[in-house]
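Trainee: build me a structure from this.
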Amino acid sequence: MDSSTDDAARTPRSGAASLRRLALIGTTALALLATAAPIAAAQGSTTAQSSAGSQSAGAAAPHDAVPPVATPTLPAKLPAQPGTFVRTNLTRLLDTRSATGVPTATPLGPDGNLSFSLGLPAADVKAVVLNVTATDTTADGFLTAYPDGAQQPSTSNLNFTAGQTVANLVTVPVTDGKVDIHNRFGSVDVIADMSGYYTDNAALAGSTYLPVTPGRVLDTRDGLGVPQGGPIGQFGTINVPVAGQGGVPQYGATSVVLNVTATDTTDAGFLTVYPHGTARPGTSNLNFAAHQTVPNLVTVPLGADGSVDIYNHLGTTDVVADVFGFYTAAPTGSGYTATGPTRLFDTREAGGHKVGPGQTLSRPVALGSGLGSTKVSAVVLNVTATGPTSDGFLTVFTGAGSTPPGTSNLNFTAGQTVPNLVIVPVDDSGMLNFYNRFGSVDLVVDLFGYFTAPQGGPTAISSSVHNYADPFTKACSTVSPGPWLGRGYFGVVTLSATGVSLPNPGATTPWTEMVLTGPDDTLAYQGSAASNSSQPSTVNVGQLKAGSYSWYAYATDGKQVSAPSQPCYFQVWTDSSGPRVFITSNGSPGPIVVGQQVTFTFSAGGGDPNAPDSVASFCYAMDYGPCTQIAPVFGAVNGIGGVTGYNSVTLTMGNWGSHTFTVQATTVAGFVDAPTPYGFYVRSQ
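Mentor: Residues are numbered from 1 along each chain as shown. Below you'll find the model as predicted:
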């Protein structure tokens with residue numbers, strides 16, 4: 001496809017290109033203060049403030065005593081919640097071409113059924129995640145996967161045309177350690193590869209699921225996620241960093257859920273997605289034909305470095321990957337409950353209608369699902385697009401009145417029937433949205449299960465850093481990577497949470513335990529207050545190195561434990577120097593006179609607005625008077641190449657004599673540098 005056109009069949013590109021960070025050479029600033037403070041603290045002769053306006057300058061607050069630091073211990077293992085995910089190596093359980101999992105090498109005929117074993121203890125498995133592939137198809141048809149011995153449902157998992165090879169991820173309930181597959185029309189060879197399963201067995205090392213707002217982590221067309229853009233060549237492999245990207249934390253994620261799309265394909269082939277640093281398995285995740293755009297959901301463990309590899313077998317292909325969630329060993333995520341499957345809706349039925357171009361079909365998740373008032377964090381859907389009038393794509397997302405993200409779940413061509421498994425987060429509105437980009441299309445949506453998050457854990461969790469007498473506090477962010485916290489003068493970060501009462505109080509006073517995961521390890525800290533009190537419990541953790549962190553809290557008396565809190569994410573930046581400020585004006589060179597309007601332009605930091613050492617705000621003052629805060633704009637300024645944070649103000653010169661215009665910059669991490677002065681003289685006339 002031509003990358004310069006908005007081709008209907010392609011998956012959407014991400015919105016704006018990433019800004020490039022470039023170092024700037026500024027003027028020499030005043031000597032740095034001995035200690036950097038957050039923006040709320042007074043410093044030097046000007047003081048940064050909120051965006052409401054200006055305030056008087058003041059002296060820096062004195063340092064308080066070094067806060068006591070808690071001694072960490074190894075965290076206790078909390079009781080596992082039901083429905084945790086146990087990842088496995090990508091394992092081929094069924095291949096009718098080679099008699100794998102079945103007695104003979106025979107295709108599955110029309111209205112035929114087969115059963116195969118998972119090779120796992122039946123009592124351990126409540127649902128299994130399989131990548132099912134149909135190949136050597138002789139007619140248009142579909143496959144249905146369901147629990148062995150159960151009544152065959154009236155839903156489908158995988159649709160195909162004659163001669164097509166197509167794959168789809170399925171999550172199938174399991175009752176006796178086996179799965180059945182039914183073929184409706186023609187004959188077809190069937191392949192099934194297992195990537196993991198859900199269990200209620202607390203003795204197994206399962207992971208909980210945390211959905212994220214869909215985010216793009218790879219697009220070889222634009223070079224996103226790879227050092228150099230361009231398609232993957234034949235027999236080629238690319239490495240894709242995922243940890244720390246798209247809402248996946250840098251540490252603590254065990255597996256990720258990616259929607260992987262192959263596009264601009266030059267030959268029939270397949271992709272294999274697997275953990276970096278491991279041997280490539282002899283399986284596939286995604287099959288495609290030449291000049292086709294095909295998506296498939298992939299659940300894949302992360303390598304030791306937090307990345308995955310993607311292998312392309314034949315021809316060349318561009319690859320797009322959107323992250324939809326991750327699994328973590330922490331108990332803070334959601335457990336899975338398998339259902340039906342249950343048909344939520346079919347727009348072909350009476351009263352329904354196709355979804356038109358640029359339209360969004362919205363439905364409450366409780367409608368037709370049987371969930372009622374159940375509070376779910378995500379749902380597992382098999383979404384099928386059928387009868388499309390043009391090439392296009394579908395995006396599934398949550399929220400009442402929200403706009404679709406710049407990602408896709410399902411790509412199709414005119415007249416094609418395409419299914420794809422979708423794990424979509426559900427927010428407090430309980431609304432599911434189905435956005436169609438081009439043409440008109442009918443939708444068939446089946447519910448296969450849902451996730452529920454733990455409830456009743458500690459609340460009011462926050463993180464703060466001890467810089468001065470008043471800590472610099474930021475509320476908990478439940479989205480990775482979270483806000484930046486400058487490590488501060490003492491190098492101490494404080495975690496705070498309000499505990500909860502345990503159901504059966506004993507002789508031991510319960511406490512709030514805080515579990516912190518960072519670059520080195522996962523450690524536990526005992527809070528300062530009883531968990532059954534209304535007072536916040538705090539823990540001081542010291543000398544955190546630069547990097548990303550997550551933590552959660554729970555109440556315990558050593559025997560009982562409460563549900564965990566939500567996860568909290570933050571980042572630590574240890575460089576206490578603020579950004580250098582560069583100031584120019586349109587009044588120099590040349591005389592400046594009373595009444596003249598002079599524009600001062602100031603810049604600082606690099607061009608990435610999210611970098612910890614980038615400028616978050618400026619505070620300017622005239623003659624060391626009140627300081628007024630102003631946000632930066634990012635772009636090119638002052639003839640210096642590249643992108644930087646800058647802004648400008650225009651002031652009217654009121655008095656003759658010598659004057660000083662000062663600018664103070666605050667970094668994203670919360671550090672404030674000393675004011676940078678710009679001196680000039682104003683003539684009477």
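Trainee: distance-wise, check P147 relative to S255.
Mentor: Using CB to CB, to the nearest Å, P147 is found at 23 Å from S255. Placement of C-beta: from N, CA and C, glycine included.
Trainee: these two: which has the busier surroundings?
Mentor: S255 (24 against 18; other CB atoms under 10 Å).
Trainee: what helix or strand is that one on?
Mentor: Per DSSP states H and E: S255 is located in strand 253-263.
Trainee: mind giving me the packing neighbours of that strand?
Mentor: Counting by 3 or more CB pairs under 8 Å, 6 or more residues apart in numbering; DSSP states H and E, the packing neighbours recorded for strand 253-263 are strand 84-95, strand 269-275, strand 286-288, strand 294-301, strand 307-312, strand 318-328, strand 418-425.
Trainee: now do the longest one and strand 318-328, the angle between them.
Mentor: Relative orientation of strand 84-95 with respect to strand 318-328: 130 degrees, computed using axes from the mean of the first three to the mean of the last three CA atoms, to 10 degrees.
Trainee: and the following helix or strand past strand 84-95, C-alpha only, in PDB?
Mentor: In the C-terminal direction, the helix or strand that comes right after strand 84-95 (DSSP H and E) is strand 112-117. Taking C-alpha atoms only, strand 112-117 is exported to PDB below (Å, rounded to 0.1, in the frame of the first residue of the first chain):
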ATOM      1  CA  GLY A 112     -17.900 -32.900  11.900                       C
ATOM      2  CA  ASN A 113     -16.700 -32.800  15.500                       C
ATOM      3  CA  LEU A 114     -13.400 -33.600  17.100                       C
ATOM      4  CA  SER A 115     -12.100 -33.600  20.700                       C
ATOM      5  CA  PHE A 116      -8.600 -33.100  21.900                       C
ATOM      6  CA  SER A 117      -6.900 -33.100  25.300                       C
END
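Trainee: how far is strand 112-117 from where the chain is centred?
Mentor: Taking CA atoms, centre = their mean, to the nearest Å, one finds the center of strand 112-117 at 37 Å from the center of the full chain.
Trainee: distance between the ends of stretch 141-156?
Mentor: Stretch 141-156 stretches 10 Å from its first residue to its last (CA to CA, to the nearest Å).
Trainee: contacts for that stretch next, please.
Mentor: 110, 113, 115, 130, 132, 134, 157-160, 170, 172-186, 188, 190, 340-341, 343, 382, 384, 419, 446 (CB atoms under 8 Å, 6 or more residues apart in numbering).
Trainee: recalculate using a threshold of 6 Å.
Mentor: 115, 134, 157-159, 170, 172-176, 178-186, 341, 343, 446 (CB atoms under 6 Å, 6 or more residues apart in numbering).
Trainee: whichever of the residues you listed end up buried, select them in ChimeraX.
Mentor: Command for ChimeraX that selects the buried part of the contacts of stretch 141-156, burial taken from 16 or more other CB atoms under 10 Å:
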select :134,157,158,159,170,172,173,174,178,179,180,181,182,183,184,185,186,341,343,446
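Trainee: which of the contacts of stretch 141-156 fall in strands?
Mentor: Assigned to strands by DSSP state E, the following of these qualify: 115, 134, 158-159, 170, 172-173, 178-183, 341, 343, 446.
Trainee: sorry, back to before: pull up the pairing partners for the strand holding S255, direction included.
Mentor: strand 294-301 (antiparallel), strand 318-328 (antiparallel) (DSSP bridges).
Trainee: now mean neighbour count too, for those, in a markdown table please.
Mentor: Converted to a markdown table, the strands paired with strand 253-263 look like this (neighbours: other CB atoms under 10 Å):
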| stretch | mean neighbour count |
| --- | --- |
| strand 294-301 | 25 |
| strand 318-328 | 26 |
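Trainee: those: which one's closest to K77?
Mentor: strand 318-328 (14.3 Å; CB to CB).
Trainee: starting at the chain centroid, how far to the closest one?
Mentor: Worked out by CA atoms, centre = their mean, strand 318-328 lies 9 Å from the chain centre.
Trainee: stretch 653-665 too?
Mentor: The chain centroid and the centroid of stretch 653-665 are separated by 45 Å under CA atoms, centre = their mean.
Trainee: just the C-alphas of it, formatted as PDB.
Mentor: Output of stretch 653-665 as PDB, limited to C-alpha atoms (Å, rounded to 0.1, in the frame of the first residue of the first chain):
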ATOM      1  CA  MET A 653       8.100  49.300  30.200                       C
ATOM      2  CA  GLY A 654       6.800  51.700  32.900                       C
ATOM      3  CA  ASN A 655       9.900  53.200  34.700                       C
ATOM      4  CA  TRP A 656      13.300  54.300  33.400                       C
ATOM      5  CA  GLY A 657      16.500  52.800  34.800                       C
ATOM      6  CA  SER A 658      18.100  49.400  35.100                       C
ATOM      7  CA  HIS A 659      15.700  46.400  35.200                       C
ATOM      8  CA  THR A 660      16.000  42.600  35.500                       C
ATOM      9  CA  PHE A 661      13.600  40.100  33.900                       C
ATOM     10  CA  THR A 662      13.900  36.600  35.500                       C
ATOM     11  CA  VAL A 663      12.600  33.300  34.500                       C
ATOM     12  CA  GLN A 664      12.500  30.100  36.600                       C
ATOM     13  CA  ALA A 665      11.800  26.700  35.100                       C
END
